[in-house]
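In: can't give you the sequence, but here's the structure:
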Ligand SMILES: C[S@@+](CC[C@H](N)C(=O)[O-])C[C@H]1O[C@@H](n2cnc3c(N)ncnc32)[C@H](O)[C@@H]1O
């Protein structure tokens, strides 16, 4: 099976209780994104099960959620009782063509699902083509600390504790996390792997610049605390560079 679809096959059925459980943060995420959209159209890429897309659409915005996985989008549609979100399948780095959007976002490390720097750069160019002239692009990603990946860790998911082992390639920046869930846990797949390519903060800013995107804010959380050398996460807000 294609890697881009495998994630959804393995995670969709219990994603909201396991990998996608980010506690109460979603409310502040949605509030900030709604403000940045300023009433315009929104495209969320690799939107998963609609954690953000659904409340954003319920706030009155026109939201399109795209993902490579039909399985993830099927859960989104089940949860979207108001039928507020438009969904479509895009396999990144492709982001579709035609429509432009006032706000485009990719959240929770989803930029890392592309497995090479070349694909990630192509993605940034593709996004720059479909952000409307005064529009905004938002990336949320962690600041990876590969030291933490040396030893297997017990990861505490709300319903299904798992042991996570990781392989890290410092040359390609590719990382594979393999989760082994307890045998009696109520999960369809006892072993699941997530394949990513880490983007460092500096790389993100460089890729964006090459693609013609100008950074306008860097935060470490959705309360807009300024990003610093100690931050564990980067939320980067970009505008398209106005052509001369
Ligand atoms: C961490 S989950 C999404 C989380 C979601 N952005 C959120 O904030 O709740 C990563 C998503 O990326 C999707 N995905 C994986 N590879 C992809 C690709 N090449 N193109 C588009 N989506 C992909 C998966 O199906 C999954 O829904």
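Out: Yes, it's here. Everything numeric here is computed off the predicted structure, so don't read it as measured data. Numbering: from 1, shown residues only.
In: in the protein, which segments are predicted with low confidence?
Out: Confidence mapping of the chain against pLDDT under 70 gives the ranges 1, 20-21, 156-160, 183-189, 243-244.
In: all helices for it, in order.
Out: Along the chain, counting by DSSP state H, helices occupy 3-11, 25-37, 53-58, 70-79, 117-130, 201-210.
In: and the chain, which residues reach the ligand?
Out: Residues of the chain found near the ligand, taking Cβ under 6 Å from any ligand atom as the criterion, are 4, 7-8, 20, 46-48, 51-52, 67-69, 72, 90-92, 107-108, 110, 113. C-beta here means a position set from N, CA and C on the backbone, and glycine is covered the same way.
In: before we move on, the earlier item: okay if I get the helices of the chain as TSV plus mean neighbour count?
Out: As requested, the helices of the chain are arranged in TSV below (neighbours: other Cβ atoms under 10 Å):
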stretch	mean neighbour count
helix 3-11	19
helix 25-37	17
helix 53-58	24
helix 70-79	18
helix 117-130	18
helix 201-210	16
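In: what's the closest of these to residue 221?
Out: helix 25-37 (7.9 Å; Cβ to Cβ).
In: can you list contacts of the closest one?
Out: Outside of helix 25-37, the residues that reach it under the criterion Cβ atoms under 8 Å, 6 or more residues apart in numbering are 42, 51-52, 55-56, 59, 61, 102-103, 105, 107, 136, 138, 140, 221-224, 237.
In: can we see that at 6 Å?
Out: Outside of helix 25-37, the residues that reach it under the criterion Cβ atoms under 6 Å, 6 or more residues apart in numbering are 51-52, 55-56, 59, 61, 102-103, 136, 222.
In: centre of the chain versus it, how much separation?
Out: Helix 25-37 has its C-alpha centroid displaced from the chain centroid by 14 Å (Cα atoms, centre = their mean, to the nearest Å).
In: And stretch 22-35, by the same measure?
Out: The chain centre lies 14 Å from the centre of stretch 22-35; the measure is Cα atoms, centre = their mean.
In: again, but for stretch 102-120
Out: Relative to the mean C-alpha coordinate of its chain, stretch 102-120 is positioned 6 Å out (Cα atoms, centre = their mean).
In: From here on, call the first residue 897.
Out: Sure thing, new numbering starts at 897, so read that last one as stretch 998-1016.
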